[in-house]
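> Have a look at this prediction, sequence included:
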Amino acid sequence: MKALVKTQRGPGFVELRDVARPSPGPGEVLIEVKACGVCGTDIHVLHDEFPYWPPVILGHEFSGEIVELGPGTSLFQVGDRVVGEPHTQACGQCYLCRTGNIQICRMKRSPGWGIDGAFTRYLKMPERLLHRIPDSVSYETAAVIEPAANTVHDVIERAKVEAGDFVVVIGPGPIGLLAAMTARAGGARQTVVIGTKQDEAVRLAKARELGFAVQVHGGAADPVEAVLDLTGGAGADVVVECSGSAAGIASAVDLVRKKGRICAIGLTGKPSIPFPWDKAAFKVCDLIFNLSTSYTSWDRTIHLVANGALPVDKVISHRLPLSQWEYAFGEIEAQRALKVLLIPE
């Protein structure tokens, strides 16, 4: 079968190659992949900017159908439609695992960078990490559940967006748009999405289409002043930082109200950046860092998607065969695409 493989360390070294069909081991199932989304992590691995263990098949935002059961499985059947948490090889014994935080176990090796992932026809997964998807949810929509589960975990479970909150999202990429939709599903009274002039053509256009107010850094109006005007001078209850840029991160402190919450999602890719520490201290704001997903966020996300409260399919911009991966990656890096799905051939 064809698979998209990071073959060795260094920038580049990603290619389609023939690999053997895997066989499920004890407690595992074999999944026929129906769709897999391209994540920023995949781009980072391409450029040697994220930990990985080559040679490794990329891709972790998958949906699929179980086609084979390994020994000792009991939770699923052949034919079940599933998505899965990318938390394989967590040790199960450390403090984090034993307190239900397997997603940040230091031994975790997720599909797509730590072990073989889903940019291929068949993927084996531990059945304990799988979740059924309703028949009403298409495989393509289900492939966006993994990134959406991140925003549900970050915005609802950790930053605890509440009914009536005023929310600002910095960075209108796919995760930023999903975060804005998640805030609305969580009860936000208004959500403002902030981007740059470079975001206007695709990302901010989609934010407007989704019904969000939009502000542009470097535009006619200052986003901070606009948010202060909209909130009677107080600032946002919750600021969700998805850009990973130094300027975006610093502006979060200007945008948040006193005793508000800053929900950090975007990664900078740098060892350190300047941060207005004293300004944040005088605002007595909470800064909440986030990484990956919780078990509960998956079920919450599936329910929100199934009942229409979280229309994640709206961020899908491209559906392409796996053979067009180079075009897909290029469109994402040029910001001409939002969420791109690659379909095994």
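Cool, the structure landed. Numbers count the residues shown, from 1 in each chain.
> how long is stretch 46-57 from one end to the other?
Its start and end residues considered, stretch 46-57 measures 12 Å (Cα to Cα, to the nearest Å).
> pLDDT on it, on average?
For stretch 46-57, mean pLDDT rounds to 95.
> Could you give me the buried positions within that stretch?
46, 50, 52, 56-57 (16 or more other Cβ atoms under 10 Å). For the C-beta atoms, the positions are set from N, CA and C on the backbone; glycine is no exception.
> Take those and lay them out in TSV including secondary structure and distance to Val224.
Supplementary listing: those in TSV, determined by DSSP: H, G, I helix; E, B strand; the rest coil; distance: Cβ to Cβ, whole Å:
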residue	secondary structure	distance to Val224
Leu46	helix	35
Phe50	coil	32
Tyr52	coil	38
Val56	strand	42
Ile57	strand	44
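> from these, which single one is nearest Val155?
Proximity of the buried residues of stretch 46-57 to Val155 was ranked by Cβ to Cβ; the top entry is Phe50 with 22.9 Å.
> could you dump the buried residues of stretch 46-57 to CSV with distance to Gly219?
CSV is the format used below for the buried residues of stretch 46-57 (distance: Cβ to Cβ, whole Å):
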residue, distance to Gly219
Leu46, 32
Phe50, 32
Tyr52, 38
Val56, 41
Ile57, 42
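> If we only consider these, which is nearest to Ala337?
Using Cβ to Cβ, the buried residues of stretch 46-57 come closest to Ala337 at Leu46, 15.0 Å.
> Give me the nearest residue to that closest one, chain neighbours excluded.
Using Cβ to Cβ, 6 or more residues apart in numbering and skipping the chain neighbours, the partner closest in space to Leu46 is Val14 (5.3 Å).
> can you pull the contacts of that neighbour?
For Val14, the contact set (Cβ atoms under 8 Å, 6 or more residues apart in numbering) comprises 4-7, 45-46, 58, 325.
> How about Ile288?
Residues near Ile288 by Cβ under 8 Å, 6+ apart: 154, 158-159, 261-264.
> Of these, grab the buried ones for PyMOL.
The buried subset of these, as determined by 16+ other Cβ under 10 Å, is captured in PyMOL by this line:
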select buried, resi 154+158+159+261+262+263+264
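> closest to Glu65 among the contacts of Ile288?
Nearest member of the contacts of Ile288 to Glu65, counting by Cβ to Cβ, is Asp154, at 29.0 Å.
> Tell me how far that closest one lies from Glu49.
Per Cβ to Cβ, to the nearest Å, Asp154 is found 21 Å from Glu49.
> what stretches of the stretch 1-150 of the chain score poorly on pLDDT?
The model of the stretch 1-150 of the chain has no residue with pLDDT under 70.
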